[in-house]
Each structure stands twice: as structure tokens, then as C-alpha cells.
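Visitor: how does the following fold in three dimensions:
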Amino acid sequence: MAKAIPKIGSRKNGRIGSRKHPRKIPKGVIYVQASFNNTIITVTDPQGRVVFWSSAGTCGFKSSRKASPYAGQRTAVDAIRTVGLQRAEVMVKGAGSGRDAALRAIAKSEEVAGSTQTLQWKCVESRVDSKRLYYGRFILSPLRKGQADTVGIALRRALLGEIEGTCITRAKSEKIPHEYSTIVGIQESIHEILMNLKEIVLRSNLYGVRDASICVKGPRYITAQDIILPPSVETVDTAQPIANLTEPIDFCIDLQIKRDRGYQTELRKNYQDGSYPIDAVSMPVRNVNYSIFSCGNGNEKHEILFLEIWTNGSLTPKEALYEASRNLIDLFLPFLHAEEEGTSFEENKNRFTPPLFTFQKRLTNLKKNKKGIPLNCIFIDQLELTSRTYNCLKRANIHTLLDLLSKTEEDLMRIDSFRMEDRKHIWDTLEKHLPIDLLKNKLSF
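Guide: I've put the predicted structure just below:
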């Protein structure tokens, strides 16, 4: 969370010096508070004591001109030059028209610009507008010319298309004749109920398909709170409406929940079993904007990237940024290993790489093992796998050691994003955790 904006008057932790004779500090924190009728700049030292504050009004702007971008720019320049800042953190609050102008003025200031060459990022604003709308604003700097656009485009696409989300993908009830029918005692049509189920926001870390259900008796309103969910799955907003039962009838429906990414559609068929697909929107990130500011002079020019992220509440903007960054890193990792793995075919042909398991045979031996290891009770969470390998296995619906040993090597290599390094890592991990004699006698190659 971003630091709170100091209040006018007493401010934070007292004041150093007076407004007419402020103390000079080389390093501090600049708070930009922009409303639709004024822009206020507050400068504190690293301990949070106010050194100087300025507003569009104190800079001579009157009436509606106090909210203009030019007023915000002048206010920021006045504060920086008065205090003599050379290095500063910037905290932002509000969406007034003077906000971006003030930020540009701070970035272009000769006193502050170029004070550090280490690439850094910060969350400069974070807020919760509602249970299903989170907002975060991030800054990354300093970047060379052109880099901000490269990073901004890549992150925006990864945030919108590569972040996984959990949603309801199917509804089933034997009492529903067809998707566009209506039922006596229910105010909404079946199609409207399916659309309401599509909007339900869920938070979980599950992989694969899970079952849920709703079973209530009217008259009453049905909301997301009435969904009976599996463990580790929760609703973000329990007040989301589903249906309104106007008569004392039983309403029971089975649901299917899946974690996926992007927009998934299913072909509409004549489902005889009363099962109806729901076009799943597994996109926790609702919107992403980025803007670029250039600063510095002459050959010292660099760029600052501002990134704004809105999510649906199933994860925070910071969590979404972490996941998008990890996905991009995984995407480029094969290029880093290209030189290492770029040996000729003739060399690879004579190289012996032992298979991970002789799967079915080893599984049979393990089941007959006199020690009776309960393979279905050993979860892959306990194996200390890397997050990348763990996520690959989870996406393939592999949850226990029994699931893992039931797969062939070809099955594992067909898993999306699964690599040879993951295969070796799994073997090393099993070698570490399973009994040595068991590995030698039962899992020997």
C-alpha cells in the first residue's frame, strides 16, 4: 500500500523549519495530491516530517485555474526548487488534471532527474474501489529510450491474456428443458441465471475441474453466498445475485468450476442430460493502461513507465503484476538455454538420458512394497518442487504422488510448458524424499 498523504496543517510527525524558511534536504518523499479544484505538493524528509508544502493556490492561481495542468506543474517545480531535493520517492493520490503534469515536472526536474541509474519499480497508488474492483498504479524507472514501450506492451498483453482465473464453466439441472426456458416460481429465465453465474468472481489456487452446487428453497434471493464450493475456493463478492425465487420451490443445480486463462467458448449442442456450458471469462485483470514520460537533458534522457492495473478482486494488482512477470520470464527462458542445449544431433544421439520412470512397472512395484507407502496420501505440495514445476503438474490435474507415478514420460512431456529440466528436477526431488532402498530396488533403471 502507498503511504498516506499528510494532512494540511499539522501534517506528519511535526514540521522542520517554517514555510518561509524551509530546511534544505537532499533526499525525501514528495506527496502529490490532485483533486478537481487544486493540486497540493507536500515534501517530507525520510522520517516523515514535513519540510515544505505548496499548492496551486499559494502559487498564485485562482478559481478554476488551480486545477489546470499548468498549475500542477508550477506547484511541483516550486516545491522541488525550494527544498533542493536531489532524490525523492513519489506518492500519488487523486485523479485531478494537475496530477500527470506535476509528475512530469518532477521527472524532468534537473534536481531530481538522473539521481539514480538503478532500475527500480514502486507501487505509487493502491486502492479498493469495491469488492470486485481493485486498482494499482506502478512506476518503473529509469529506462532507456524505447524500453518503456517494450516493457509496457509486453506487460499489458501478459496481464490481459496470461493471468489465470477461476470461474464457473457449466451448470446442470435435470429440471431445465432448455437454455431459454422459464420456470414457474423463478423470476429470471434460465439464460439470465446462466449469465449471472458467468459473472460470479471466484478466488482459488486449484487446478483442473471441480464441482460445486446450489440447493435452496424459496421464496428468497439466491446470491453467490449460497454456492456450496470445494475447499480452497471462495467467492469474492458474496452479494452477487443469481436468481430470485418468488414461490416456495426447491432450486437445485450442479456447477462445474475450472481454472483457466483467457476467454473460453464451447459449441452449443442439444444437451440431453440438462447440462449447459457457460462461456468462461478467466481474466482476473479487467483493464491495463500504461503511459510513458521522458525526462533528463541531452544525452542523459531516460523514460519513466507508469502502469495502471484494474482487477476483479480475485487477486490484487500487485499479485497480477508478479504473475505476468513470471509468465514473461518463463516465455523467454528457452532462449537463455539455447546455447547450452545447442549441441548437434549426432552428439545427442549417442548421449544416454535415463527415463524418469519405467512408470507402470515402477508403480506396480511400489504398490507391492512391503512398507506400504500411501502414495495417494502424498501430495505434490509436500515434495518441495519449484513453483514452475508445481504449476505445470497442477495444470495437468496431478495432485498426488500416485497421480505422478501413473503418468508416462510421454504424458509429462505433453504437459503445456513442461521441460526436460522439470523432469530432472522431479526425479532429484523424489530421490531426496523417498527411502534410498526403495529407490534403488523399486525405481532402479
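Visitor: ok, for V184, nearest residue in space, not its chain neighbours?
Guide: E247 (7.1 Å; CB to CB, 6 or more residues apart in numbering). Bear in mind the C-beta positions are built from the backbone N, C-alpha and C, glycine included.
Visitor: count of neighbours near that neighbour?
Guide: Burial measure for E247: 11 neighbouring residues, criterion other CB atoms under 10 Å.
Visitor: walk me through which strands the helix or strand where R259 lies pairs with, and which way each runs.
Guide: With elements taken from DSSP states H and E, the one containing R259 is strand 250-264. Strand 250-264 sits in its sheet next to strand 164-172 (antiparallel), strand 209-217 (antiparallel), strand 280-282 (antiparallel), going by DSSP bridges.
Visitor: for L321, which of those strands is the nearest?
Guide: Distances from L321 to each of the strands paired with strand 250-264 were compared using CB to CB; the shortest belongs to strand 164-172, at 14.3 Å.
Visitor: contacts for that closest one, please.
Guide: Taking CB atoms under 8 Å, 6 or more residues apart in numbering as the criterion, the residues outside strand 164-172 that touch it are 193-194, 197-198, 200-204, 206, 209, 212, 233, 253-261, 264, 273-278, 280-284, 312, 314, 323.
Visitor: out of the strands paired with strand 250-264, deepest packed?
Guide: Ranked by mean neighbour count under mean count of other CB atoms under 10 Å, these are led by strand 164-172, which reaches a mean of 21.
Visitor: what about it, distance to the chain center?
Guide: Average the C-alpha atoms of strand 164-172, do the same for its chain, and the two points are 19 Å apart (CA atoms, centre = their mean, to the nearest Å).
Visitor: okay, the angle between the longest helix belonging to the chain and strand 250-264?
Guide: For the chain, the longest helix by residue count, based on DSSP state H, is helix 317-336. With axes from the mean of the first three to the mean of the last three CA atoms, to 10 degrees as the criterion, the two stretches helix 317-336 and strand 250-264 enclose an angle of 40 degrees.
Visitor: which parts of helix 317-336 are buried?
Guide: Of the residues in helix 317-336, those scored as buried under the neighbour-count criterion (16 or more other CB atoms under 10 Å) are P317, K318, E319, A320, L321, E323, A324, N327, L328.
Visitor: burial of the nearest residue in space to S173 that is not next to it in sequence, as a residue count?
Guide: For S173, the nearest residue in space outside its immediate sequence neighbours is I253; the separation is 4.5 Å by CB to CB, 6+ apart. Neighbours of I253 under the rule other CB under 10 Å: 25.
Visitor: repeat that for I176.
Guide: The burial count for I176: 18, using other CB under 10 Å.
Visitor: and the gap between it and I186?
Guide: Counting by CB to CB, to the nearest Å, the gap between I176 and I186 amounts to 10 Å.
Visitor: what pairs with whichever strand or helix holds G28, and is each one parallel or antiparallel?
Guide: Following DSSP H and E, one finds G28 within strand 27-34. According to DSSP bridges, strand 27-34 forms sheet pairs with strand 39-44 (antiparallel), strand 87-93 (parallel).
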